[in-house]
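Requesting a structural model of the entry that follows:
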Amino acid sequence: MTGEVAVALDVGGTGMKCALVDTDGVVRHAERHPTDTGRGPDAVVETILTVAEGLAGKARADGLTPIALGIVVPGVVDEARGVAVWSANVGFRDVPLRDLASARLGLPTALGHDVRAGGLAEARLGAGRATGHVLFVAIGTGIAAAHVVAGSAATGAHGAAGELGHILIRPDGPVCGCGRSGCLEALASASAVARRYAELTTAVTDAEPAAGVTTAPDGGSAAGPGPGRTMVTAAQVAARAAAGEEVATRVWREAVEALADGLATAQALFDVATIVLGGGLAQAGAGLFDPLRAALRDRLTFHREPQLVPAVLGDEAGCLGAALLALDQLETP
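Residues are numbered from 1 along each chain as shown. Here you go, the predicted model:
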């Protein structure tokens, strides 16, 4: 293995996943830090830079040579200019993060989008490896996608490519966080599954006031039980559907059908060889993939059916993708 490494940071609204990754895509060191967005965007930027400096120092102390830095963030990212244009989760508005990091560390720096970076990693190192045309779809609190062709993820003209969660699926459907009714995200995300189940039962989610509200491990929503109420997450809805519970089965079927509609639209647009599903909802395994494959097949006419497979890199995907972006820029003339 080479002694050269990329410093990689995957910045989320709650925490940062950070690593030193060598040129073969092997993680040589990993650590995590809180983002602490409550302190404001300027403080978050300083934390990112401080953590990156620490990782570079760790590399040198271990006899490794940091040669590039990759940072990925949520929201709208202008990768060409290296600017975090907008991120609700982190509070960024037109932050020139690439230039700030490059000036602080003295390393060539790449700035990217977290889901696109995760898709890049799954396409090149994970479940979509060697298939050429890959659509990575992350299904958690929201839904986003990355279209990767020949190892490169499309960014779009304005840095907003891959917003699959905001294609219109049901015009008369529930209101999405973006303000429009019937988006895929409002119907088939983990939070949407939990919310829909709550509407049909006495369960509650964090969309409704309740004591003891927490964030569920599967990326969905969960709420502490009040009098006569129960906890609910998307993972629990999936498990209840598998056990034959009527309401859960209905909710799960609605989500699968909406997701199949979204993926059929994506396949008509992108004609990929492989669709890789990641995020909390994909952890339902065969309970999701078996009915989803069948529903997607039913919706395709002359379009070729893609492989539909689960992601394999887990929550390391974004960090590995950040490293790939960092290393790729060294090869760009």
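
what about V148, helix or strand, and which?
strand 143-149 (DSSP states H and E).

ok, that strand: who's next to it in the sheet?
Strand 143-149 sits in its sheet next to strand 133-139 (antiparallel), strand 152-153 (antiparallel), going by DSSP bridges.

Could you check stretch 134-151 and say which residues are buried?
134-148 (16 or more other CB atoms under 10 Å). The way it works is simple: take the backbone N, C-alpha and C, and place the C-beta from them, glycine included.

what's the closest of the residues you listed to A284?
When the buried residues of stretch 134-151 are ranked by distance to A284 (CB to CB), I139 comes first, at 9.8 Å.

quick one: the closest one and Q283 touch, right?
No: using CB atoms under 8 Å as the test, I139 is too far from Q283 to be in contact (9.6 Å).

The closest residue to L325 other than its chain neighbours: neighbouring residues, count only.
In space, not counting the residues next to it along the chain, L325 is nearest to A110; the distance is 4.1 Å by CB to CB, 6 or more residues apart in numbering. Counted by other CB atoms under 10 Å, the residues lying close to A110 total 27.

you'd agree A110 is in a helix?
No: looking at A110 with DSSP: H, G, I helix; E, B strand; the rest coil, it is strand, so not inside a helix.

Is it bridged to anything, and to what?
Under the criterion used (DSSP bridges), A110 bridges to G70.

Mind putting the strands paired with strand 143-149 into TSV with distance to A121 and mean pLDDT?
Formatted as TSV, those follow (distance: least, CB to CB, whole Å; pLDDT from 0 to 100):
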stretch	distance to A121	mean pLDDT
strand 133-139	9	96
strand 152-153	10	93
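
if we can go back for a sec, avg pLDDT for the strand holding V148?
Taken as a whole, strand 143-149 has an average pLDDT of 95.

circling back: can you pull the pLDDT of the residue nearest to L325?
Taking A110 on its own, its pLDDT is 98.

for it, what are its contacts?
A68, L69, G70, I71, E79, G82, R98, A322, L325, A326, D328, Q329 (CB atoms under 8 Å, 6 or more residues apart in numbering).

May I see the residues you listed organised as JSON lines, with pLDDT, neighbour count and secondary structure added?
Listed next are those as JSON lines, based on pLDDT from 0 to 100; neighbours: other CB atoms under 10 Å; DSSP: H, G, I helix; E, B strand; the rest coil:
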{"residue": "A68", "pLDDT": "98", "neighbour count": "24", "secondary structure": "strand"}
{"residue": "L69", "pLDDT": "98", "neighbour count": "30", "secondary structure": "strand"}
{"residue": "G70", "pLDDT": "98", "neighbour count": "32", "secondary structure": "strand"}
{"residue": "I71", "pLDDT": "98", "neighbour count": "31", "secondary structure": "strand"}
{"residue": "E79", "pLDDT": "92", "neighbour count": "19", "secondary structure": "coil"}
{"residue": "G82", "pLDDT": "96", "neighbour count": "20", "secondary structure": "coil"}
{"residue": "R98", "pLDDT": "98", "neighbour count": "25", "secondary structure": "helix"}
{"residue": "A322", "pLDDT": "98", "neighbour count": "33", "secondary structure": "helix"}
{"residue": "L325", "pLDDT": "97", "neighbour count": "27", "secondary structure": "helix"}
{"residue": "A326", "pLDDT": "97", "neighbour count": "28", "secondary structure": "helix"}
{"residue": "D328", "pLDDT": "95", "neighbour count": "18", "secondary structure": "helix"}
{"residue": "Q329", "pLDDT": "93", "neighbour count": "17", "secondary structure": "helix"}
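
and the helix or strand containing A198, how far out from the chain's middle?
A198 belongs to helix 190-200 when assigned by DSSP H and E. The chain centroid and the centroid of helix 190-200 are separated by 20 Å under CA atoms, centre = their mean, to the nearest Å.

Also stretch 43-53?
Worked out by CA atoms, centre = their mean, stretch 43-53 lies 22 Å from the chain centre.

Outside of it itself, which residues are in contact with it?
Taking CB under 8 Å, 6+ apart as the rule, stretch 43-53 contacts 7, 9, 11, 16, 18, 33, 35-37, 69, 71, 90-92, 95, 97, 100-101, 104-105.

Can you say which of those residues are buried?
7, 9, 11, 16, 18, 33, 35, 37, 69, 71, 90-92, 95, 97, 100-101, 104-105.

Mind checking which of these land in strands?
Within the buried ones among the contacts of stretch 43-53, residues falling in strands by DSSP state E are V7, L9, V11, M16, C18, H33, L69, I71, F92, V95.
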